[in-house]
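Return a 3D structure for these sequence lines:
(2 chains)
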Number of protein chains: 2
Amino acid sequence: MKGTVLYGPRDVRFEEREAPRLIKPTDAIIKITAACVCGSDLWPYRGISPVTQPVSMGHEYCGIVEEVGSAVKAVKPGQFVIGSFFASDNTCPNCQAGYQSSCLQRELVGGAQAPLLRVPLADGTLVATPEVPRDDLIPSLLTLSDVMGTGWFAADAANVKPGKTVVIVGDGAVGLLGVLSARQMGAGRIIAMSRHEARQKLARDFGATDIVPGRGDEGVARIKELTGGLGADSVLECVGTQESMMQAVRSTRPGGYVGYVGVPHGVQLKGDELFFTHVRLHGGPAPVRRYLPELIKLVWNGKINPGKVFDLTLPLDQVAEGYRAMDERRAIKALLRP
Amino acid sequence: MKGTVLYGPRDVRFEEREAPRLIKPTDAIIKITAACVCGSDLWPYRGISPVTQPVSMGHEYCGIVEEVGSAVKAVKPGQFVIGSFFASDNTCPNCQAGYQSSCLQRELVGGAQAPLLRVPLADGTLVATPEVPRDDLIPSLLTLSDVMGTGWFAADAANVKPGKTVVIVGDGAVGLLGVLSARQMGAGRIIAMSRHEARQKLARDFGATDIVPGRGDEGVARIKELTGGLGADSVLECVGTQESMMQAVRSTRPGGYVGYVGVPHGVQLKGDELFFTHVRLHGGPAPVRRYLPELIKLVWNGKINPGKVFDLTLPLDQVAEGYRAMDERRAIKALLRP
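Numbering: from 1, shown residues only, chains lettered A, B, ... in the order given. Reported below is the predicted structural model:
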């Protein structure tokens, strides 16, 4: 089997590797219908996170169950399933509290940019669709595996409610789907921070009412202007840098909420500044599993179309071009079809 | 008039200074019935916060209204009143949202360790009791000006709910009243972190069910043991150091809440660690004004007795001994009577 392996900065290869097989009785093997390149894949691709040995890439996936271990009861071969990038048992106290990405047995899923994938803890991790979906639903269903679930968690962690004013920091795929999530949750005003024309357009399509191109202090000042000097009720941080995090905190009103989902790289929060902002902070790796049943329903019934975030579709063997296009910001997000 | 002035580290003097007078039509002058020394007064007293010029000390107060400015309507001379350390108009959007300590017109109250005090924005800041209280209620009513309101906010920010498991980091007066607040809010299990016998005893009086003397990693490990390996639902951070803040974050379960009210000194939060904890963070200077009506009622009706936190009462002219006793941890909190 050929799969995607990252060897080092900007060195991604589609090459022969061992096909995954059942290791534990709780595993399943999935035949991948579609996978994609994640914004977080770009951290090692760009050399910002070190790569010490070749890594099988890909953690967003959907597909048909090929084979299950002897202990798997909830899914069966032939079903179309979606799972999170963190496998979880969905029964431990953290899972029961809705934090499946902090499952006591959690395990990172890896190697999804390939024709076949091993998913641990299949019963807890995978959710089947009502039937095998039409092909045009595949992109939207795929987003639920991470990027859409993450944008949704950002909005949920930021306590987006009907009528509220919401700011989204970051115009990557997660930020854009944060816009869609805020709209779906009934936000009154949705301010997307973006300076990139194609992304501004998609943000508007997804429900943004205002676009603010400024960043840093300039961006914060503009948000203050737009919110009567107070800041927004809810701010979604979807980047993960020091600048974006502080931009989010400073754009929030006292008592307001920052939902942060951009994996922090070198971010340091000064306790005294945070203290005097009165901002509420919540985030982390999205507990995608919590939202899967609800989001599958919304996609299935045509209420949301998060798949529009894919502006590049490639055959899987051209995966390296997907990384390049996203790295150079020529593409928002690349879909891969085996 | 004589009042309390801090000149530099450990140099606190009770000396002649100008009596306060009405400056703005929204001011009131209060004849102080009781004041006290705050844990936060110890930061400059210990030289941790710099003192660049002599400062009139004291920001916790209750007393009889002596005189009001021409614009003051809600309180009148002769009434017994309590106010917060932050004066607030109680009408701006931040006040309306319950964050009076982020009032757009906020002003620090200072100089309360004296017989007379000027309170700005009197209508928004001061709350009168139903009548002039009996003397035995004075200590408890005084705590509502800051220390009890701050402990209460810590518990509220940490989302304390009936039946939940709560940890309190810090056995100063705020932490101890955090214990009382958690009990009043119906917490099921209340774990006070303290290694000081007199404070452990008071914590138990206020409702602590468990005492953990360990700090840092050892303290965190013990909390994990007591909570089935998960961490607590709600953790109150009532110190403000790097160690106490990280102890609080690491003692909280995924999806749980840290309410932090210790003024942070040199605290830095690493974004990536915080991210993977899934903890919710909220805190800041307590919006004491929000809670005053409710807390006055609880004290008035004998439901809570936060005044027990004062284990030293001094005539005002011995204020320097109050600072010394608290600095040396001989006293939990010193009450001052003019």
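
Pull up the residues of chain A that are close to chain B.
Applying C-beta under 8 Å from any C-beta of the partner chain, one finds that chain A approaches chain B through A:93-94, A:97-99, A:101-102, A:104, A:228-230, A:240, A:242, A:245, A:253-255, A:260, A:263-272, A:274-285. C-beta coordinates here come from the backbone N, C-alpha and C atoms, glycine included.

what about the nearest residue to residue A:27 once chain neighbours are set aside, distance to residue A:95?
Sequence neighbours aside, residue A:69 is the residue nearest to residue A:27 in space, at 4.6 Å (criterion: C-beta to C-beta, 6 or more residues apart in numbering or on different chains). From residue A:69 across to residue A:95, the span is 19 Å (C-beta to C-beta, to the nearest Å).

what about those two, which has more around it?
Each of residue A:69 and residue A:95 has its neighbours counted (other C-beta atoms under 10 Å in any protein chain shown); residue A:95 has more, 23 against 17.

That one: what's it in contact with?
With contacts defined as C-beta atoms under 8 Å, 6 or more residues apart in numbering or on different chains, residue A:95 is in contact with A:88, A:89, A:103, A:124, A:289.

what's the residue closest to the geometric middle of chain A?
residue A:147 (2.2 Å; C-alpha atoms, centre = their mean).

Next up, phi/psi of residue A:6, please.
Here is the backbone geometry of residue A:6 (degrees, to the nearest 10): phi -100, psi 120.

Pretty sure it sits against residue A:54.
Yes: assessed by C-beta atoms under 8 Å, residue A:6 is found in contact with residue A:54 at 6.9 Å.

between the two, who's got more neighbours?
Higher neighbour count among residue A:6 and residue A:54: residue A:6, with 22 against 14, using other C-beta under 10 Å.

what sits against the more buried one?
If you count contacts by C-beta under 8 Å, 6+ apart, residue A:6 has them with A:12, A:13, A:41, A:44, A:45, A:51, A:54, A:55, A:57.

Out of those residues, which end up buried?
For the contacts of residue A:6, a burial check counting by 16 or more other C-beta atoms under 10 Å in any protein chain shown picks out A:12, A:13, A:41, A:44, A:45, A:55, A:57.

Is it possible to get JSON lines of the residues you listed that adds secondary structure and pLDDT?
Shown next, in JSON lines, are the buried ones among the contacts of residue A:6 (DSSP: H, G, I helix; E, B strand; the rest coil; pLDDT from 0 to 100):
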{"residue": "A:12", "secondary structure": "strand", "pLDDT": "97"}
{"residue": "A:13", "secondary structure": "strand", "pLDDT": "97"}
{"residue": "A:41", "secondary structure": "helix", "pLDDT": "95"}
{"residue": "A:44", "secondary structure": "helix", "pLDDT": "95"}
{"residue": "A:45", "secondary structure": "helix", "pLDDT": "97"}
{"residue": "A:55", "secondary structure": "strand", "pLDDT": "96"}
{"residue": "A:57", "secondary structure": "coil", "pLDDT": "98"}
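
now, among those, which is nearest to residue B:174?
For these, the residue nearest residue B:174 by C-beta to C-beta is residue A:44; the value is 44.3 Å.

now that closest one, nearest residue through space, not along the chain?
Leaving aside its sequence neighbours, residue A:44 sits nearest to residue A:51 (C-beta to C-beta, 6+ apart; 5.0 Å).

Could you do residue A:153 as well?
In space, residue A:153 is closest to residue A:286, 3.7 Å off (C-beta to C-beta, 6+ apart).

what helix or strand is that neighbour on?
For residue A:286, there is no helix or strand it lies in under DSSP states H and E.

Enumerate every residue touching it.
A:84, A:101, A:146, A:149, A:150, A:152, A:153, A:154, A:261.

Quick check: phi and psi on the second one?
For residue A:101, the backbone dihedrals are phi -80, psi 0 (criterion: degrees, to the nearest 10).

same check, this time on the third one
With angles defined as degrees, to the nearest 10, residue A:146 shows backbone torsions of phi -160, psi -70.

can you list contacts of stretch A:314-328?
For stretch A:314-328, contacts defined as C-beta under 8 Å, 6+ apart pick out A:2, A:4, A:10, A:12-14, A:35-37, A:39, A:41-42, A:45-46, A:57, A:113-115, A:312, A:330-338.

I'd guessed the residue nearest to residue A:44 sits against residue A:7; true?
Yes: counting by C-beta under 8 Å, residue A:51 touches residue A:7, with 7.1 Å between them.

Please report how far the residue nearest to residue A:44 lies from chain B.
Residue A:51 is 18 Å from chain B, where distance means C-beta to the nearest C-beta, to the nearest Å.

can you pull the alpha-carbon coordinates of the worst-scoring helix or strand of chain A on mean pLDDT into CSV?
Taking mean pLDDT, DSSP states H and E as the measure, chain A has helix A:42-45 as its least confident helix or strand, at a mean of 94. The C-alpha atoms that make up helix A:42-45 are tabulated as CSV, following Å, rounded to 0.1, in the frame of the first residue of the first chain:
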residue,chain,number,x,y,z
LEU,A,42,1.7,22.5,8.2
TRP,A,43,3.5,23.0,11.5
PRO,A,44,5.9,20.0,11.0
TYR,A,45,5.8,20.6,7.2
